[in-house]
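Peer 1: for reference, the sequence and a predicted model appear below.
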Amino acid sequence: MKRKFIILMAVALVMAPALSQAAPFSILGPRALGMGGASVAAVNDSSAVYWNPAALADFKKVEIRVPVGVGLRDNMEIEETWNRINDIYAAAGGGDVNAINELIQLINDLDQPNNGTDLDSSLGLMISIPMGNSAMAFSTLGLIYGGIYPTVDTLNVSPTVGPSPFVGVNNTALTGVGIGAVEPTFTFATSLGEKVFIGANAKMVYASTFVHSEYVGSNNFDTFVDSLDASETSSEEPSFDAGILIKTSDTFSIGVVGRYLNSPSFPIQGQYAEKQPANDVAIVPRTKEIELEPQIRAGFAWNPFKNVTIAADYDITKNESVGIPGYEDQTAAAGLELTLPSEVVSIRGGLYKNMADSDANLVYTAGVGMRVFFFRADLAGAYDFQEEEFQASLDLAFRF
């Protein structure tokens, strides 16, 4: 019976949403970030409620943890580009040759595949409680996914002064879209023998969605952000996650986790920039939905020595960006942790790459952790050395 249950759970996690799309799988917590984002099988603290709830049954510690993190991918220097276009738009419309040429170049720079800015951030409170061969946890996670992307007017790009198609009447627009989710969660995990652990989250997702578009020749970036913030639509839906962790030996583990397995969706309404048949751009009011389809990730962890952990993760699903339409993320991650005796200091390093984007940069990560009696603090960062992507994460914890 146990064997059938394990097989069914693994098949459900891996196969059911194999073609689905979702928000990117965020890297929650500095231990995971320091190790490149590889934590599905390597997680060893209360952040298992996010990474793999099954691991709580193997953790067996009382812990209170508060993680916070932020990540940004910006390949178009959005604020600087907006403000520069805004500065020269009137001059270009008045026939200034230098302004016209610069405006054409800026619009061409925006008109690139997958151009945009992606943001994700996280904040949480996690409390784990062991119960014999089982464990439970109470947590609240705040997750934000969002971004800004251009809709480029490729009709009005002529340097010849006059009516359309003169670049001085170009209607290129930027759209900001995002979802902020607060997730109060109850987690239960248990062991099936000595080597197999299963766990699940039951949670309510309280979501706020945002969308707003403006022509880059009007207003400024700060006004755009204020209008985006004012476009909030609130709703809530239940959801659940599940995970499995298998210890094939004392030193090797494999895990699979599935998040948002019921694909909760949330209304979003506001101003959208849309390409018109003639290739110019118009801003129109729309009501749509953001659907958080299942995020499936698998990983392994290997401990060749007691104080060394080597881990790797891979997204089974291709997860679509909330903030950049059509942009997909499928991350491969790997990392290493070296822990000094009694976990006084832990040193971490890793890397990750979006395998769904052939132009994506390799992102390098590093982190450090310290322990003083029952108090723990961890810090990590990530950077791609092309000045396009960075992440930072910090957490504090008390473990008893």
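Peer 2: Right, received. Where do you want to start?
Peer 1: so what sits opposite residue 315 in the bridge?
Peer 2: Using DSSP bridges, the bridge partners assigned to residue 315 are residue 297.
Peer 1: residues touching it, list them.
Peer 2: 25, 295, 296, 297, 329, 330, 331, 332 (Cβ atoms under 8 Å, 6 or more residues apart in numbering). Any C-beta I mention is one placed from the backbone N, CA and C, and that applies to glycine too.
Peer 1: any regions of the protein where pLDDT drops low?
Peer 2: Within the chain, the segments meeting pLDDT under 70 span 1-22.
Peer 1: pull the distance from the lengthiest helix in it to the chain's centre.
Peer 2: In the chain, taking DSSP state H as the definition, the longest helix is helix 78-93. From the chain centre to the centre of helix 78-93 is a distance of 30 Å (Cα atoms, centre = their mean, to the nearest Å).
Peer 1: could you say what helices and strands it packs with?
Peer 2: helix 97-110, helix 221-229 (3 or more Cβ pairs under 8 Å, 6 or more residues apart in numbering; DSSP states H and E).
Peer 1: now do the shortest one against helix 78-93, angle only.
Peer 2: In other words, helix 221-229. Interaxial angle, helix 221-229 versus helix 78-93 (axes from the mean of the first three to the mean of the last three Cα atoms, to 10 degrees): 120 degrees.
Peer 1: now swap in the longest one and tell me
Peer 2: Between the direction of helix 97-110 and that of helix 78-93, the angle (the same axes, to 10 degrees) works out to 140 degrees.
Peer 1: what element comes up after helix 97-110 heading to the C-terminus?
Peer 2: Proceeding N to C from helix 97-110, the next assigned helix or strand is strand 117-131, under DSSP states H and E.
Peer 1: whichever helix or strand comes after that next one pairs with which strands, parallel or anti?
Peer 2: Of the helices and strands lying after strand 117-131 in sequence (DSSP H and E), the nearest is strand 134-151. Strands that pair with strand 134-151, judged by DSSP bridges, come out as strand 117-131 (antiparallel), strand 173-192 (antiparallel).
Peer 1: most tightly packed of these?
Peer 2: Mean neighbour count (mean count of other Cβ atoms under 10 Å) peaks for strand 173-192 among the strands paired with strand 134-151, with a mean of 22.
Peer 1: just the CA coordinates for it, please, in PDB.
Peer 2: This file holds the C-alpha atoms of strand 173-192, laid out as PDB (Å, rounded to 0.1, in the frame of the first residue of the first chain):
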ATOM      1  CA  ALA A 173       3.800  52.300 -24.000                       C
ATOM      2  CA  LEU A 174       5.000  50.500 -20.900                       C
ATOM      3  CA  THR A 175       2.800  48.200 -18.900                       C
ATOM      4  CA  GLY A 176       3.400  47.200 -15.300                       C
ATOM      5  CA  VAL A 177       1.700  44.100 -14.000                       C
ATOM      6  CA  GLY A 178       2.100  42.100 -10.800                       C
ATOM      7  CA  ILE A 179       0.600  40.000  -8.100                       C
ATOM      8  CA  GLY A 180       1.300  40.200  -4.400                       C
ATOM      9  CA  ALA A 181       0.200  37.100  -2.400                       C
ATOM     10  CA  VAL A 182      -0.100  36.600   1.300                       C
ATOM     11  CA  GLU A 183      -0.300  32.900   2.100                       C
ATOM     12  CA  PRO A 184      -1.200  31.700   5.700                       C
ATOM     13  CA  THR A 185      -0.300  28.000   5.600                       C
ATOM     14  CA  PHE A 186      -0.700  24.900   7.700                       C
ATOM     15  CA  THR A 187       1.800  22.200   6.900                       C
ATOM     16  CA  PHE A 188       1.800  18.500   7.900                       C
ATOM     17  CA  ALA A 189       4.600  16.000   7.100                       C
ATOM     18  CA  THR A 190       5.200  12.400   8.100                       C
ATOM     19  CA  SER A 191       7.500   9.500   7.400                       C
ATOM     20  CA  LEU A 192       6.700   6.300   5.700                       C
END
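Peer 1: give me the next element, helix or strand, following that strand.
Peer 2: strand 196-215.
Peer 1: between that next one and helix 78-93, how big is the angle?
Peer 2: In terms of direction (the same axes, to 10 degrees), strand 196-215 departs from helix 78-93 by 20 degrees.
Peer 1: and the contacts of stretch 272-281?
Peer 2: If you take Cβ under 8 Å, 6+ apart as the criterion, stretch 272-281 is touched by 151-156, 164, 171-175, 211, 213, 215, 282-286, 288.
Peer 1: whoops, I mixed them up, stretch 359-373
Peer 2: By Cβ under 8 Å, 6+ apart, stretch 359-373 touches 30-31, 33-37, 114, 335, 342-354, 376-386, 388-389, 391, 393.
Peer 1: which of those residues fall in strands?
Peer 2: Among those, DSSP state E puts 335, 345-354, 376-383, 389, 391, 393 in strands.
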